[in-house]
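Peer 1: sequence and predicted model, in that order:
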Amino acid sequence: EQCLIVGDLNALCRSDYSETEWGAHEQYNGAQGWDAPVDEAARGGVLSLLKDARFVDAHAAVRADWHVPPWSAHVRDDNRPPYRIDYMWCRAPAGAGGRR
């Protein structure tokens, strides 16, 4: 069924970040006494579950250059590394009327 999910999923996707950016997340989390960041696109993660349910990351699908700053779906704060937690995921209708 057609569906749109929009919101703050508080989920990181490792492929959204360069080695340097991911390393900054690891350092920031460590300095806070937190666990290392988790790649939610890995098997069993929330982003992986969305992909398994035939959802598509709409922002990434529409803008091939979305990794180039300024990221429009990302949070920036001078005291921590940039991170993406806001998402738009969509699933087209299945069947004759769908466009898959």
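Peer 2: That came through, no problem.

Peer 1: setting aside sequence neighbours, what's the nearest residue to Gln2?
Peer 2: Pro93 (4.0 Å; CB to CB, 6 or more residues apart in numbering). In this view, the C-beta of every residue, glycine as well, is placed from N, C-alpha and C.

Peer 1: SS state for that neighbour?
Peer 2: coil (DSSP: H, G, I helix; E, B strand; the rest coil).

Peer 1: surely Trp89 and Phe55 touch.
Peer 2: Yes: using CB atoms under 8 Å, Trp89 is in contact with Phe55, at 4.3 Å.

Peer 1: who touches both of these two?
Peer 2: Common neighbours of Trp89 and Phe55, counting by CB atoms under 8 Å, 6 or more residues apart in numbering, are Ile5.

Peer 1: which residues does Trp53 contact?
Peer 2: Rather than Trp, residue 53 is Ala. Ala53 touches Arg91, counting by CB under 8 Å, 6+ apart.

Peer 1: where exactly do the strands run in this structure?
Peer 2: For the chain, strands defined by DSSP state E occupy the ranges 3-8, 56-57, 75-77, 80-83, 86-91.

Peer 1: returning to that earlier point: tally of neighbours for the residue nearest to Gln2?
Peer 2: By other CB atoms under 10 Å, the residues close to Pro93 number 12.
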